[in-house]
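Q: Predicted structure and sequence below. I'll ask about it afterward.
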Amino acid sequence: MQDISRAKSAELYEKSKTYFPGGVNSPVRAFKSVYGTPLFIQKGDGPYIWDADGNQFIDFCASWGPLILGHNNAKIREKVTEVMQNGMSFGAPTALENELAELIIKNNRFVEKIRFTSSGTEAVMSAIRLARGYTGRNKIIKFEGCYHGHSDSLLVKAGSGLVTFGETSSSGVPKAFADETVVIALNDKQAITEAFAQFKDDVAAVIIEGIPANNGLLIQDKDYVEFLSETCTANGALLIFDEVITGFRVGFEGAAAYYGIKPDIVTYGKIIGGGLPVGMYGASNEIMAHISPDGGVYQAGTLSGNPVAMAAGIAALTILNSEGFYEELNAKAQAFVNDLKAHIAHKGYELKIFTVGSVFWFAFTNKDIKTAEDIDPKSMDKFKIMHRELLNRGVYFGPSGYEVGFVSAAHTALELDKAKQAIFDALEVVYAS
C-alpha cells in the first residue's frame, strides 16, 4: 500500500526544528520510534483527526487519554465558550472551582479535599512533597516501568539489584535527588519487603500508577496492590496512586475503585480538564490540612483552577457521571478488543492485547506481561511496521509501541469496524515481513 502524503507535515517539521529542540514540545511527538516525520494535526472532531496534508484518521491516541468523549465535544466547547466571555484567568478564586470540586468529591470515596494544578506532573510533584511533609520522612519508593511526569525526584530508573537507589534517567537531575528515590520491580513482594527493611524509618511514600499504563499496560493483581497498601500502613508510609491516566478512565473513581483499595493520596489529570491542561491531587482532610495556607507544605500556581479549564472539566465530568456512561463505553471497548483477540487467535499470531476498561495495548508476545522487564524491546520493530500500515489505512495510534490506545464515547460501530479491518490488514503485513 502506498504511504500517505506527509509533504505539508514534513515542511512544518523542518520549520519547527528551528524553533524547538527536536522540532517538538514533548519528545514522543517526534516519531523517533516509528516511520516517517511527525504528523502535524490540524483538526479533530468526534473520533477523527485530520493532519496538515488533509489525511483523515480514526484516532485511538485521544491526546494521550483525556479525550474520553472524543474531539471537539459540543457540550465542552459550548461551556468553555460561555465562560470565556467573562475572562480567561484571574489568579483568584471562582465559583467554577467549587462546582468542579463538588462534582468530584461527592462522587469519589477516595478524596475528601483536593487541590487543582495545571498538569499531572505538577500534581504528582506536589503529592510527593505532601507525603514528605506529612510523614517527616525523605525517601520515595517507585517502580520500574511507572512514569509519573518529569519532576526531578521521579525521573529515575532502576539500578542493578533487587532494591536500589534510583539512577537518573535524564541529564540535569542531581544524583542527590535520585538518591532519595528507591526503584524496584513491579509485581515483586519480596522487593517491597526488603525496601522497607532497609529504609523503614525514612520511607515517606510508595507511588504507583493506579494501573501502570505509560510503559505498556501492566495490570497488577489485586492481592499485590493490597500487599502494597498493607505494607505502607504497617510501616507508617503513605500509598500514592498516580491516576493521571486511569482516573475517570476505567471508572469515575478510577483504579482505586477497580481494586477496592483506598490510597492515602491520589493524583489525577488529563480527563478532568476536558481537553484543557488540568491536574489535581487529593487525600483525607487530615493529610490535606498540611498544604499551605493551612499547613507548612507549600504549593501554588497562578493558573491553577482557572475558569476556562474548570468549565471544560465541569462539562466533561457531568457527562461521565451520568447513569450508564462507563458501562456502555467499557462494553463497547471490550467488544472491540474481543473481536481483535478472536482474529489474532484464528491467525495464530504471537500477539496479545491487554485491556482494562476502555484502555488497550498491543504486545507482540505470548507472555503475560506485568513488569517493564517482561517487554522485549525487539518486539517494537513489529509495532513500527504496524503503525505505518495503520496510518496508510486511516487509523492513528500514538507513535510508540509502549503507549496504550483509548476507545472514546465518540467511536461508533462504524469507526470501530473500519479500525478492526485496518488492524487485520496491517497485521498481515507485519507477520509477512
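A: Cool, got the structure.

Q: which residue is nearest the middle of the protein?
A: I245 (3.0 Å; C-alpha atoms, centre = their mean).

Q: just the helices in the stretch 51-200 of the chain please.
A: 74-84, 95-105, 120-135, 175-178, 189-199 (DSSP state H, counting those that start in this stretch).

Q: Enumerate the positions of the second one that are buried.
A: Within helix 95-105, the residues that count as buried by 16 or more other C-beta atoms under 10 Å are 96-97, 100-101, 103-104. (C-beta placed from N, C-alpha, C; glycine too.)

Q: before we move on, what SS does Q299 have?
A: coil (DSSP: H, G, I helix; E, B strand; the rest coil).

Q: still on that earlier bit, could you point out which of the buried residues of helix 95-105 is nearest to M288?
A: Closest to M288 out of these is A101 (11.8 Å), distances taken as C-beta to C-beta.

Q: thinking that closest one is in contact with V111, fair?
A: No - the pair A101 / V111 is not scored as a contact, 9.6 Å apart, by C-beta atoms under 8 Å.

Q: how about stretch 214-227 as CSV, C-alpha atoms only?
A: C-alpha atoms of stretch 214-227 as CSV (Å, rounded to 0.1, in the frame of the first residue of the first chain):
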residue,chain,number,x,y,z
ASN,A,214,2.8,4.5,30.5
ASN,A,215,5.1,1.6,29.6
GLY,A,216,2.7,-0.9,28.2
LEU,A,217,-0.4,-1.8,30.1
LEU,A,218,0.9,-3.6,33.2
ILE,A,219,-2.2,-4.8,35.0
GLN,A,220,-1.3,-5.8,38.6
ASP,A,221,-3.1,-8.4,40.6
LYS,A,222,-5.4,-7.2,43.4
ASP,A,223,-3.5,-9.1,46.1
TYR,A,224,-0.2,-7.4,45.1
VAL,A,225,-1.8,-3.9,45.3
GLU,A,226,-3.4,-4.9,48.7
PHE,A,227,0.0,-6.0,49.9
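
Q: Can you pull out the residues in contact with that stretch?
A: 145-147, 186-187, 189, 192, 208, 211-212, 245, 259-261, 354-356, 359-361, 363, 369-372, 375, 402-404 (C-beta atoms under 8 Å, 6 or more residues apart in numbering).

Q: filter the residues you listed to the buried ones?
A: 145-147, 186-187, 192, 208, 211-212, 245, 259, 261, 354-356, 359-361, 363, 369-372, 375, 402-404.

Q: In helices, which of those appear?
A: 192, 259 (DSSP state H).

Q: Who are the contact partners of the closest residue to G149 other than its chain neighbours?
A: Leaving aside its sequence neighbours, G149 sits nearest to T121 (C-beta to C-beta, 6 or more residues apart in numbering; 2.9 Å). T121 is in contact with 148-151, 279, counting by C-beta under 8 Å, 6+ apart.

Q: if I look at T121, how far off is L12?
A: Distance of T121 to L12, given as C-beta to C-beta, to the nearest Å: 26 Å.

Q: so what does the helix or strand where M386 lies touch, helix or strand wise?
A: M386 is part of helix 380-392 when elements are defined by DSSP states H and E. Where contact means 3 or more C-beta pairs under 8 Å, 6 or more residues apart in numbering; DSSP states H and E, helix 380-392 is packed against helix 413-432.

Q: Name the surrounding residues that touch the helix it packs on.
A: Contacts for helix 413-432 (C-beta under 8 Å, 6+ apart): 1, 47-48, 58, 60, 332, 336, 339-340, 343-344, 347, 349, 351, 382, 385-386, 389-390, 393-395, 407, 411.

Q: Report the mean confidence score over that helix.
A: Helix 413-432 shows a mean pLDDT of 98.

Q: got the CA coordinates for it in PDB?
A: Extracted in PDB, the C-alpha atoms of helix 413-432 (Å, rounded to 0.1, in the frame of the first residue of the first chain):
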ATOM      1  CA  ALA A 413     -19.700   0.800  15.400                       C
ATOM      2  CA  LEU A 414     -18.800   2.300  12.000                       C
ATOM      3  CA  GLU A 415     -15.400   3.600  13.100                       C
ATOM      4  CA  LEU A 416     -14.600   0.500  15.200                       C
ATOM      5  CA  ASP A 417     -15.500  -1.800  12.300                       C
ATOM      6  CA  LYS A 418     -13.300   0.200  10.000                       C
ATOM      7  CA  ALA A 419     -10.500   0.200  12.500                       C
ATOM      8  CA  LYS A 420     -10.700  -3.600  13.100                       C
ATOM      9  CA  GLN A 421     -10.400  -4.300   9.300                       C
ATOM     10  CA  ALA A 422      -7.400  -1.900   9.100                       C
ATOM     11  CA  ILE A 423      -5.800  -3.600  12.000                       C
ATOM     12  CA  PHE A 424      -6.400  -7.100  10.500                       C
ATOM     13  CA  ASP A 425      -4.800  -5.800   7.200                       C
ATOM     14  CA  ALA A 426      -1.900  -4.200   9.000                       C
ATOM     15  CA  LEU A 427      -1.100  -7.300  10.900                       C
ATOM     16  CA  GLU A 428      -1.000  -9.300   7.600                       C
ATOM     17  CA  VAL A 429       1.800  -7.000   6.600                       C
ATOM     18  CA  VAL A 430       3.600  -7.200  10.000                       C
ATOM     19  CA  TYR A 431       3.700 -11.000  10.000                       C
ATOM     20  CA  ALA A 432       4.600 -11.300   6.300                       C
END
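
Q: Sort out which residues of that helix are buried, please.
A: 415-416, 418-420, 422-423, 425-427, 429-431.

Q: how far off helix 380-392 does that helix point, in degrees?
A: Angle of helix 413-432 versus helix 380-392, following axes from the mean of the first three to the mean of the last three C-alpha atoms, to 10 degrees, is 140 degrees.

Q: all numbers from here: first residue = 13
A: Sure, I'll start counting at 13 from here, so that last one is helix 425-444.

Q: Now do helix 425-444: distance to the chain's middle.
A: 25 Å (C-alpha atoms, centre = their mean, to the nearest Å).

Q: Centre of the chain to the longest helix anywhere in the chain, how far?
A: Looking across the chain with DSSP H, the single longest helix is helix 337-359. Here helix 337-359 shows a centroid-to-chain-centroid distance of 21 Å under the convention C-alpha atoms, centre = their mean.

Q: go on, stretch 107-126?
A: 21 Å.
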